[in-house]
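**Student:** How does the following fold in three dimensions:
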Amino acid sequence: MSSKHLAQIESGAESLRADVDRLRARIAALRQEADNGRDQPLNLADATARVDAYLQQQRQRYAGYARVHRFITPQPVRSFELVPDGEVEAYMATFFGDTLRCALLEQIKVICSDGPGLEQRRAHLAKLDRERLDLEREEEALITAAARSGLHIPRRADADPRVFLED
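**Tutor:** Prediction:
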């Protein structure tokens, strides 16, 4: 084999490795963007909805324990247990829900994000996942083509298994 042919083969191999490296950089960037999006605090609207749902759930839990009827019966109240064991949050939500809500939202406002809502975030993360999977499929196609030509390019340990399982 001539040195010219050898140089062409080496140049092609380097070009293939460079293509795989570019894909891997884009895959890493998409993964980082997705991780950042998942770890971001909720926006105020979504956090408020969670607080409201939580307080409603706690009120419903306490409804079964309401002991106020003891105050209106003719018998004297001998053992009064207004708050059953482990039901302090339910009691607070039932009798002091508005105060508790305001206190929680005051703290939440300080740390919540101005970002997109939960549904928009989920849609964006799904889009990033699809883009990353497409790039990983391209990467695998290049690695497979390289292997057929006798060039070994190691696979990433963190590659999405769907790339290998689909056919």
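
**Student:** Look up how far Ala18 lies from the residue nearest the centre of the chain.
**Tutor:** Centroid-nearest residue in the chain: Arg38, 3.8 Å away (criterion: C-alpha atoms, centre = their mean). Note on Arg38: its distance to Ala18, by C-beta to C-beta, to the nearest Å, is 31 Å. Every residue, glycine included, has its C-beta placed from N, CA and C.

**Student:** go on, Leu30?
**Tutor:** Per C-beta to C-beta, Leu30 is found 19 Å from Ala18.

**Student:** so Leu105 touches Thr48, yeah?
**Tutor:** Yes. Counting by C-beta atoms under 8 Å, Leu105 does reach Thr48; the two are 6.3 Å apart.

**Student:** Who does Ser113 form a beta bridge with?
**Tutor:** With DSSP bridges applied, Ser113 shows beta-bridge pairing to Asn43.

**Student:** Tell me how far it lies from Ala145.
**Tutor:** Going from Ser113 to Ala145 by C-beta to C-beta gives 43 Å.

**Student:** same deal with Ala93?
**Tutor:** 61 Å.

**Student:** Neighbour count for these two, which is higher?
**Tutor:** More neighbours surround Ala93 than the other of Ala93 and Ala145, with 22 against 12 (other C-beta atoms under 10 Å).

**Student:** just checking, what packs against the helix or strand harbouring that one?
**Tutor:** If you go by DSSP states H and E, Ala93 is part of helix 88-111. With contacts taken as 3 or more C-beta pairs under 8 Å, 6 or more residues apart in numbering; DSSP states H and E, helix 88-111 sits against helix 44-63.

**Student:** how about the helix it packs on as PDB, C-alpha atoms only?
**Tutor:** The C-alpha coordinates for helix 44-63 follow below in PDB (Å, rounded to 0.1, in the frame of the first residue of the first chain):
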ATOM      1  CA  LEU A  44     -44.500  30.300  41.500                       C
ATOM      2  CA  ALA A  45     -47.800  29.200  39.800                       C
ATOM      3  CA  ASP A  46     -46.800  25.500  40.000                       C
ATOM      4  CA  ALA A  47     -45.400  25.800  43.500                       C
ATOM      5  CA  THR A  48     -48.600  27.500  44.700                       C
ATOM      6  CA  ALA A  49     -50.700  24.700  43.100                       C
ATOM      7  CA  ARG A  50     -48.700  22.200  45.000                       C
ATOM      8  CA  VAL A  51     -49.200  24.000  48.300                       C
ATOM      9  CA  ASP A  52     -52.900  24.300  47.700                       C
ATOM     10  CA  ALA A  53     -53.200  20.600  46.800                       C
ATOM     11  CA  TYR A  54     -51.100  19.600  49.900                       C
ATOM     12  CA  LEU A  55     -53.300  21.700  52.200                       C
ATOM     13  CA  GLN A  56     -56.500  20.300  50.700                       C
ATOM     14  CA  GLN A  57     -55.100  16.700  51.100                       C
ATOM     15  CA  GLN A  58     -54.300  17.500  54.800                       C
ATOM     16  CA  ARG A  59     -57.800  19.000  55.400                       C
ATOM     17  CA  GLN A  60     -59.300  15.800  54.000                       C
ATOM     18  CA  ARG A  61     -57.200  13.700  56.300                       C
ATOM     19  CA  TYR A  62     -58.200  15.600  59.400                       C
ATOM     20  CA  ALA A  63     -61.900  15.600  58.400                       C
END
